[in-house]
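A.B. asks: quick check, what structure comes out for this input:
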Amino acid sequence: MKEAVIARVTEIAERVGRSEGIEIVDVQLLGGGARRMLRIVIDKPGGISHADCELISQQVGTILDVEDVVPGGRYTLEVSSPGVERPLTKPRDFERFVGSKAQVTLREPVEKRRKWEGVLAGISGEIVTLEPEKGKYIQFALHQVAKANLKFDW
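C.D. replies: Numbers count the residues shown, from 1 in each chain. Sure thing, here's the model as predicted:
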């Protein structure tokens, strides 16, 4: 049931976001009972503003309430930016951020390591290329990624 709710919320949020040039990065339904939280993470080229978050919150929230998408009625809706270390979850994320520094955790080791950090060098089909150090490249299939996010040098 939770997956069905997330799928429906994602569909609604993408429909609303598309008209504003806003990408839906992630949708999560967390907690239970009166403490349930529906989190929608959004992004767009040039970054997200408070007004973007407010727009998605108001428009998606209204549709969710009218269509009673989240059973049980009580939940908190949170809309936010993915932040500077945003997750990379879709093939287009890896394409969009080629040239950026990323941290990747793999399901199975490559060269005896599961955790890698480096510059995203490219993606071809389902194969991601990462440059962990100047002139050294590793490749792994997208389905091997357990977790990936941009890495910001503080």
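A.B. asks: quick one: contacts for residue 87?
C.D. replies: 25-26, 93, 147-149 (CB atoms under 8 Å, 6 or more residues apart in numbering). Quick note: C-beta positions are derived from backbone N, CA and C, even for glycine.
A.B. asks: roughly how far apart are it and residue 20?
C.D. replies: For residue 87, the distance to residue 20 equals 21 Å [CB to CB, to the nearest Å].
A.B. asks: now do residue 26
C.D. replies: 17 Å.
A.B. asks: pick out whichever of those two has more residues nearby.
C.D. replies: Remark: of residue 26 and residue 20, residue 26 carries more neighbours, 17 against 14, as counted by other CB atoms under 10 Å.
A.B. asks: that one belongs to a helix?
C.D. replies: No - looking at residue 26 with DSSP: H, G, I helix; E, B strand; the rest coil, it is strand, so not inside a helix.
A.B. asks: wait, what's in contact with the residue lying farthest from the centre of the chain?
C.D. replies: Most distant residue from the mean C-alpha position of the chain: residue 135, 29.1 Å away (CA atoms, centre = their mean). With CB under 8 Å, 6+ apart as the criterion, no residue contacts residue 135.
A.B. asks: run through the neighbouring helices and strands of the one helix or strand residue 66 maps to.
C.D. replies: Assigned by DSSP states H and E, residue 66 belongs to helix 50-67. With contacts defined as 3 or more CB pairs under 8 Å, 6 or more residues apart in numbering; DSSP states H and E, helix 50-67 has these neighbours: helix 2-18, strand 37-43, strand 76-80.
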